[in-house]
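# What shape does this take:
(one chain, ligands or ions: 1)
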Amino acid sequence: MLNKKSLRDLEFKGKNVLVRCDFNVPMDDEGNITDDTRIISSLPTINYLIEQGAKVILMSHLGRPKGQPNKKYSLEPVAKRLSELLNKEVLFLQDDEVVSNTVKKRVEAMEDGDVALLENTRFRKEEEKNEENFSKELASLGDLYVNDAFGTSHRAHASNVGVSTYLPSAVGFLVEKEISIMGKALEEPERPFIAILGGAKVSDKIGVIENLMNIVDTIIVGGGMAFTFLKAQGYEIGKSLLEEDKIGLAKELIEKTKEKNVKLILPVDVVVAKEFKNDTEFNTVSIDNIPSDMMGLDIGEETIKAFSEEIKKGKTIVWNGPMGVFEMENFAKGTIAIAQAMAESEGTTIVGGGDSASAVERSGYSHKMTHISTGGGASLELLEGKALPGIVAISEKQCTTIYNAQFTSIALLE
Ligand code: AMP
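Numbering: from 1, shown residues only. This is a model prediction of the structure:
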């Protein structure tokens, strides 16, 4: 994973460079972009290619138009925002077919250093099926292909996997950063290595727990998923989130951590509430005192202390999933405290994408983290130990091949 060709390994001057970005940004009902983090994250690659004199042809999906053109999911607002951020015109190649003769002509007219953006690749039904015809159409626009869409790397679609079959390929700076930081943490971590897991469901994180158990020294569990573990240990959890059919599995996981000598830390107290809303009666209780008519919506003060002390000992800390219902102010304290403990840590701190990333943004500690992943699903799959098709598809660095070739010829001579 760490040996992929990067931008530094290719010559771009005068070339048509097709770049897969992750411009899947949130928008309000009027089509205004409400968070442009993903566009900003793509700038280093785009700026580098402009400086190198490439003709930069960008592509991305946005939302779920389900293989049909749909104005609501047009990338036009992204082209506009990108123009502002680059301080340069971005040619928006609006076309329901994404690639057409008109689009090809407009690409042919581009000059070195120009930037263009194709329409939403998911306007074509072939995109998510990774179909050859659409992959070839896309590839016909470029001489080289760059994957800088970490957020979609866990999917095998035409615009990120299919297209790489037909063009020399490399990873962009964002993907390179994501896989080098996450890859190093998972392959050769500095210890102690601590994983913090939270979020709603155990079922979403089974693969992660099972894989991390073989790598980490400590697993901290908070959030809604902690209650299934507490129930497995025999605690009464009131109306807290429970996955009844996963109690047995939680027991097994607890046993496995013991066998593998991995420290498993669960909450010792929780904030319980009468109802699932911010303005409701709430208080903190120890885990052996959860009232039967209340639900746990955050970790308590003692738990915050225990988790934070453990986090401070870590040299590598990976976090995925909030500690409570952080969207509600009264139950966000635990998640913010964990963000703070990570911010104060001297170790390498990595935050998985999705909810954990937005929780860290909200806490105001994002600048103190070593790395906040831009891909929720993709980073989760990396933590599960899975290979990401979008990364697998990119060529390996040449030097390995030469080295291997030399090795083979020596072996043959012998
Ligand atoms: P996930 O997508 O699995 O990381 O879950 C994130 C969601 O889990 C967030 O929307 C949180 O509000 C929710 N969550 C965290 N803790 C709890 C809890 N104790 N009870 C219910 N939902 C929770």
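# Please count neighbours and contacts with C-alpha atoms only from this point.
Will do.
# so how many other residues sit close to the spatially closest residue to residue 263 that is not a sequence neighbour?
Nearest in space to residue 263, with sequence neighbours left out and distances taken as Cα to Cα, 6 or more residues apart in numbering, is residue 218 at 4.5 Å. When neighbours are defined as other Cα atoms under 10 Å, residue 218 has 23 of them.
# Return the residues in contact with residue 218.
Residue 218 sits next to 192-195, 262-265 when contact means Cα atoms under 8 Å, 6 or more residues apart in numbering.
# The same query, at a cut-off of 10 Å, please.
Contacts were defined as Cα atoms under 10 Å, 6 or more residues apart in numbering; by that measure residue 218 touches 192-196, 212, 257, 261-265, 310-311, 314, 317.
# cool, and residue 373?
By Cα under 10 Å, 6+ apart, the contact list for residue 373 reads 150-151, 174-175, 177-179, 181-182, 350-354, 356-357, 379-380.
# could you list every residue that touches the closest residue to the ligand within the stretch 1-150 of the chain?
Of all residues in the stretch 1-150 of the chain, residue 26 sits closest to the ligand, at 16.2 Å by Cα to the nearest ligand atom. If a contact means Cα under 10 Å, 6+ apart, then residue 26 has 32-38, 62-63 as its contacts.
# Name whatever forms a beta bridge with the residue nearest to residue 263.
Judged by DSSP bridges, the bridge partners of residue 218 are residue 194, residue 263.
# how much space is there between it and the ligand?
To the ligand, residue 218 is 19 Å away according to Cα to the nearest ligand atom, to the nearest Å.
# if we can go back for a sec, dump the contacts of residue 26 into TSV; add pLDDT and distance to residue 392 as well.
As requested, those are exported to TSV (pLDDT from 0 to 100; distance: Cα to Cα, whole Å):
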residue	pLDDT	distance to residue 392
32	94	34
33	96	31
34	93	32
35	89	29
36	93	27
37	88	25
38	91	22
62	97	23
63	96	24
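# what's the neighbour count on residue 37?
12.
# For it, give me its contacts.
Applying Cα under 10 Å, 6+ apart, the residues near residue 37 are 23, 25-26, 374.
# State the pair within these that is farthest apart.
Taking Cα to Cα, the two most distant members of the contacts of residue 37 are 26 and 374; they sit 13.2 Å apart.
# Determine the residues that are contacts of both of those two.
With Cα under 10 Å, 6+ apart as the test, residue 26 and residue 374 both reach 37-38.
# how much space between the closest residue in space to residue 390 that isn't next to it in sequence and residue 32?
Closest residue to residue 390 apart from its sequence neighbours, by Cα to Cα, 6+ apart: residue 153 at 4.1 Å. Distance, residue 153 to residue 32, by Cα to Cα, to the nearest Å: 26 Å.
# Which pLDDT does the model give the residue nearest to residue 263?
According to the prediction, residue 218 has pLDDT 98.
# Please apply the same query to residue 355.
Predicted confidence (pLDDT) for residue 355: 85.
# cool, residue 411 as well?
In this model, residue 411 is scored at 35, pLDDT.
# do residue 364 as well
pLDDT recorded at residue 364 is 90.
# so does stretch 307-321 get close to the ligand?
Yes: for a cut-off given as Cα under 6 Å from any ligand atom, stretch 307-321 has contacts with the ligand, namely residue 321.
# could we number from 3 for the rest of this?
Right, with 3 as the first residue, what we last looked at is stretch 309-323.
# Show the end-to-end separation of that stretch, please.
Its first and final residues considered, stretch 309-323 spans 14 Å by Cα to Cα.
# show me the contacts for the residue nearest to residue 317 when sequence neighbours are not counted.
Excluding its sequence neighbours, the residue lying closest to residue 317 (Cα to Cα, 6+ apart) is residue 349, at 4.0 Å. Contacts here follow Cα under 10 Å, 6+ apart; on that basis residue 349 touches 192-195, 313-319, 371-372.
# pLDDT and secondary structure for those - can I get that in TSV?
Output for the contacts of residue 349, formatted as TSV (pLDDT from 0 to 100; DSSP: H, G, I helix; E, B strand; the rest coil):
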residue	pLDDT	secondary structure
192	96	coil
193	97	coil
194	97	coil
195	97	strand
313	97	helix
314	95	helix
315	95	helix
316	97	coil
317	97	coil
318	97	strand
319	97	strand
371	96	coil
372	94	coil
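# Report the buried members of the residues you listed.
The neighbour count (16 or more other Cα atoms under 10 Å) marks 194-195, 313-319, 371-372 as buried among the contacts of residue 349.
# Which members of those residues are the farthest-apart pair?
So, these by Cα to Cα: farthest apart are 194 and 371, at 17.4 Å.
# So which bits of the chain are right by the ligand?
Within the chain, the positions near the ligand by Cα under 6 Å from any ligand atom are 201-203, 225-226, 243, 298-300, 323-329, 357.
# Any chance of a PyMOL selection covering the buried ones in those?
In PyMOL, this line selects whichever of the residues of the chain next to the ligand come out buried by 16+ other Cα under 10 Å:
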select buried, resi 201+202+203+225+226+243+298+299+300+323+324+325+326+327+328+357
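# and the residues of the chain next to the ligand, which of them are in strands?
298-300 (DSSP state E).
# just to confirm, which helix or strand has residue 60 in it?
strand 57-61 (DSSP states H and E).
# Format the CA atom coordinates belonging to that strand as PDB.
Taking Å, rounded to 0.1, in the frame of the first residue of the first chain, the C-alpha atoms of strand 57-61 are listed here in PDB:
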ATOM      1  CA  LYS A  57      -4.300  20.100 -18.600                       C
ATOM      2  CA  VAL A  58      -6.200  19.100 -15.600                       C
ATOM      3  CA  ILE A  59      -9.500  17.300 -16.100                       C
ATOM      4  CA  LEU A  60     -11.300  16.700 -12.800                       C
ATOM      5  CA  MET A  61     -14.100  14.200 -12.100                       C
END
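# other SSEs contacting that strand?
If you count contacts as 3 or more Cα pairs under 10 Å, 6 or more residues apart in numbering; DSSP states H and E, strand 57-61 packs onto strand 18-22, helix 39-53, strand 92-95, helix 103-110, strand 117-120, strand 146-149.
# okay, and for the protein, where does confidence drop off?
3-4, 400-416 (pLDDT under 70).
# Now name the helix or strand holding residue 273.
In this assignment (DSSP H and E), residue 273 forms part of strand 271-275.
# hmm, who's touching that strand?
224-225, 229, 239-242, 281-293, 295-306, 326, 332-333, 335-336.
# Kindly give a single PyMOL line that selects the buried subset of these.
Per 16+ other Cα under 10 Å, the buried members of the contacts of strand 271-275 correspond to this PyMOL selection:
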select buried, resi 224+225+229+239+240+241+242+284+286+287+288+289+292+293+296+297+298+299+300+301+302+303+304+305+306+326+332+333+335+336
